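Student: Need coordinates for the below:
(chains A and B)
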Number of protein chains: 2
Amino acid sequence: MEGPIAAVSLDEKLETIREYWSPGIIGALNGQHVKLAKFKGEFCWHEHADQDEMFLVLKGSIRIRLLDADLHLREGQMAIIPRGTLHMPMAAEEACVLLLEPEGTVNTGGERNPLTRQPGWI
Amino acid sequence: MEGPIAAVSLDEKLETIREYWSPGIIGALNGQHVKLAKFKGEFCWHEHADQDEMFLVLKGSIRIRLLDADLHLREGQMAIIPRGTLHMPMAAEEACVLLLEPEGTVNTGGERNPLTRQPGWI
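Tutor: Sure thing, here's the model as predicted:
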C-alpha cells in the first residue's frame, strides 16, 4: 500500500497516461501491482517466466496473440495469461486496459528492448 | 489457473450471481483470486488479518465504512483495504463489484456468521 485508503478513479488516472504500452501503477496489494495502460498498434512477443498476468479491457478492444491462438477481448472482458506463455498484445484502435501482475513485473517480460519500461506510480 | 486461456465476460458472469454478498471466483493468478459480487444493503464489520482486498465498482456505487472514515466508490472507482483494517461494505442500491484478494479469503474475514460464504467458481 502507498498512502491512505482512498478512492482511485480509473478515468482520472487514464487521463494522465500519454504513452502507449507504458503501464502506470495505481494500486498495490498482496505483492501485486494494479496498473493501467493504453494500447495501440502492436507490442512485442514476450513472456513473463514467473508471473501470471491479467488483462481487463476498460475501453475499446484488444487482441492477444498466442502461439496457437488469438484472444480477442472487448470492453468488459478479461483474460489471464499464465506465466511462461509467449504472447503479443495488439490493438487496432486505442484501448484502455487494467493489468494485474506481481510487483516488479516488466512490460516486456524477459526481453529488454526499446519498448521496455520500468513502471512508476501514476 | 483453471482451464484454457480464454476471454471472460464480466457481464455474463454477473448474470449468474443470484445472491448478494456472495462472491464468485472468475480468475486465479499469482495466488490471488479475482471475484465478482453483487452488493445491496449492509454487510457486516469484519477484517482480513493477512489479506489486502481490492474493490473495483463495475456498476452502481458502494460505501465502505471504516472506523475513522467513510469511503464512497462509484462506478469506475476502486480502493484497496489493507489487511487488518476493520471495514463494512454497504450499498444503497444494487452494485456490482470486482474483488481481488488472496486465494482462500473468506468474505467475512476472521468472523464466521450467517453471512459467511465459501466462494466457488462461477
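Student: Can you pull out the low-pLDDT segments for chain A?
Tutor: Residues of chain A meeting the criterion pLDDT under 70: A:1-3.
Student: So which residues on it come close to chain B?
Tutor: A:1, A:5-11, A:26-32, A:34, A:51-54, A:56, A:66, A:69, A:71-73, A:76-82, A:85, A:98, A:100-102 (CB under 8 Å from any CB of the partner chain). From N, CA and C alone the C-beta is placed, and that goes for glycine too.
Student: now, which of the residues you listed lie within helices?
Tutor: In helices, defined here by DSSP state H, the members of the residues of chain A next to chain B are A:10-11.
Student: Going through the residues of chain A next to chain B, which ones are buried?
Tutor: A:5, A:8, A:10, A:26-30, A:32, A:34, A:51-54, A:56, A:71, A:73, A:76-82, A:85, A:98, A:100-102 (16 or more other CB atoms under 10 Å in any protein chain shown).
Student: State the three-state secondary structure for residue A:113.
Tutor: Put simply, residue A:113 is coil when judged by DSSP: H, G, I helix; E, B strand; the rest coil.
Student: ok, now residue A:109?
Tutor: Residue A:109 ends up coil, using three-state DSSP.
Student: just checking, residue A:52 touches residue A:84?
Tutor: No - assessed by CB atoms under 8 Å, residue A:52 is found out of contact with residue A:84, at 9.4 Å.
Student: Now for these two: what residues contact both?
Tutor: Common contact partners of residue A:52 and residue A:84 (CB atoms under 8 Å, 6 or more residues apart in numbering or on different chains): none.
Student: okay but residue A:79 is in contact with residue A:64, surely?
Tutor: Yes - using CB under 8 Å, residue A:79 makes contact with residue A:64 at a distance of 6.6 Å.
Student: anything in contact with each of these two?
Tutor: A:55, A:71, A:73.
Student: Would you check that residue A:43 makes contact with residue A:115?
Tutor: Yes - counting by CB under 8 Å, residue A:43 touches residue A:115, with 6.6 Å between them.
Student: Common neighbours of the two, please.
Tutor: Counting by CB under 8 Å, 6+ apart, the residues touching both residue A:43 and residue A:115 are A:21, A:107.
Student: So between the two, which is more surrounded?
Tutor: residue A:43 (21 against 15; other CB atoms under 10 Å in any protein chain shown).
Student: Give me the nearest residue to the more buried one, chain neighbours excluded.
Tutor: residue A:89 (4.6 Å; CB to CB, 6 or more residues apart in numbering or on different chains).
Student: Can you say which helix or strand has the one you found in it?
Tutor: strand A:87-102 (DSSP states H and E).
Student: What residues sit buried inside stretch A:40-47?
Tutor: In stretch A:40-47, counting by 16+ other CB under 10 Å, buried: A:43, A:46-47.
Student: so who does the residue nearest to residue A:43 touch?
Tutor: A:39, A:43, A:55, A:62-65.
Student: Looking at those, which is nearest residue B:18?
Tutor: Nearest to residue B:18 among the contacts of residue A:89 is residue A:55, at 27.9 Å by CB to CB.
Student: List the beta-bridge partners for that closest one.
Tutor: Following DSSP bridges, residue A:55 is listed with bridge partners residue A:79, residue A:99.
Student: Can you tell me how far the most centrally placed residue in chain A is from chain B?
Tutor: Compute the mean C-alpha point of chain A, and by CA atoms, centre = their mean the closest residue is residue A:99, 4.0 Å away. Distance, residue A:99 to chain B, by CB to the nearest CB, to the nearest Å: 11 Å.
Student: Could you double-check that that residue lies in contact with residue A:37?
Tutor: Yes - proximity of residue A:99 to residue A:37 meets the contact threshold set by CB under 8 Å, at 6.0 Å.
Student: Having no further points to raise, I will conclude here.
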